[in-house]
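Colleague: 3D, please:
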Amino acid sequence: MPQIAPLYPSATERSLRLASLLFPILVECAKQGKLISYGDLIERAQTTYPDNSEIQRAIPRASGRILDVIRTFCLRRGVPDLASIVVQRGTTVPGPNYVGLAQASEFQKEAFAFNWEADGVVFEAEVVEAIRINKRKLLSEAAARDVLFAYFKENEARFPASIRNHREKILVLLMEGFDPHEAFEMALA
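Modeller: You can find the predicted model right below:
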């Protein structure tokens, strides 16, 4: 049985919204029995939703949190893991952080064999409810600065030196209630 617990501690509102855009694309791929690369998934979503600024700013290397929302949803509903069909370009294997990497091929076959139409899997209602529950908490500037500093110190090795040029943008995103991981990724996008 695959691990059901989410890889990330909580789904952010942004992750939930973006997952709701990627979910139907993944269902379509699964119905066609096709794998899709991280880059092709984001590109297809950007083409499908040209007026959605969040998906237009999305980048493939930051899609893990979004796909974890989909993976967790699928497993909680007892349906095959759609995140398993998102793979590294030129391979049939999900990224190294995919939970269940050793069984990915098996999960992919299950996703392809599942009757997504007959079982009426509805993702949108889950997203609406999760967003209602997880409304972003606005931060004061002082609190946002504390979060920015702590997150940066903890993850400094992961960031390019140019991250310092984005400090004010990150600060604003944190004050708007974005989670630090998302704020830093959005600033770099």
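Colleague: Let me see the ranges of the helices in the chain.
Modeller: Assigned helices in the chain, in chain order: 13-32, 38-48, 53-57, 64-77, 104-113, 124-133, 141-155, 167-175, 180-188 (criterion: DSSP state H).
Colleague: out of the ones you listed, nearest to residue 88?
Modeller: helix 38-48 (7.0 Å; CB to CB). C-beta coordinates here come from the backbone N, C-alpha and C atoms, glycine included.
Colleague: Residue 19 versus residue 144, what's the distance?
Modeller: In this view, residue 144 and residue 19 are 25 Å apart by CB to CB, to the nearest Å.
Colleague: These two - which one has more neighbours?
Modeller: Neighbours of residue 144 and residue 19, each counted by other CB atoms under 10 Å, are more numerous for residue 19; the result is 26 against 22.
Colleague: My guess is that one contacts residue 70. True?
Modeller: Yes - counting by CB atoms under 8 Å, residue 19 sits close enough to residue 70 to count as a contact (5.2 Å).
Colleague: Based on its surroundings, how many neighbours for residue 23?
Modeller: Neighbours of residue 23 under the rule other CB under 10 Å: 22.
Colleague: cool, the one 10 residues further on as well?
Modeller: The tally of other residues near residue 33 (other CB under 10 Å) stands at 12.
Colleague: For the residue nearest to it when sequence neighbours are not counted, grab the count of nearby residues.
Modeller: Once flanking residues are discounted, residue 33 sits nearest to residue 112: 4.4 Å by CB to CB, 6 or more residues apart in numbering. Residues within reach of residue 112, counting by other CB under 10 Å, total 18.
Colleague: can you tell me how far residue 112 sits from residue 82?
Modeller: Between residue 112 and residue 82 the computed distance is 10 Å (CB to CB).
Colleague: got any residues that touch both of these two?
Modeller: Residues touching both residue 112 and residue 82 (CB atoms under 8 Å, 6 or more residues apart in numbering): residue 30.
Colleague: Next, the contact list for residue 46, please.
Modeller: Applying CB under 8 Å, 6+ apart to residue 46 gives the contacts 55-56, 58.
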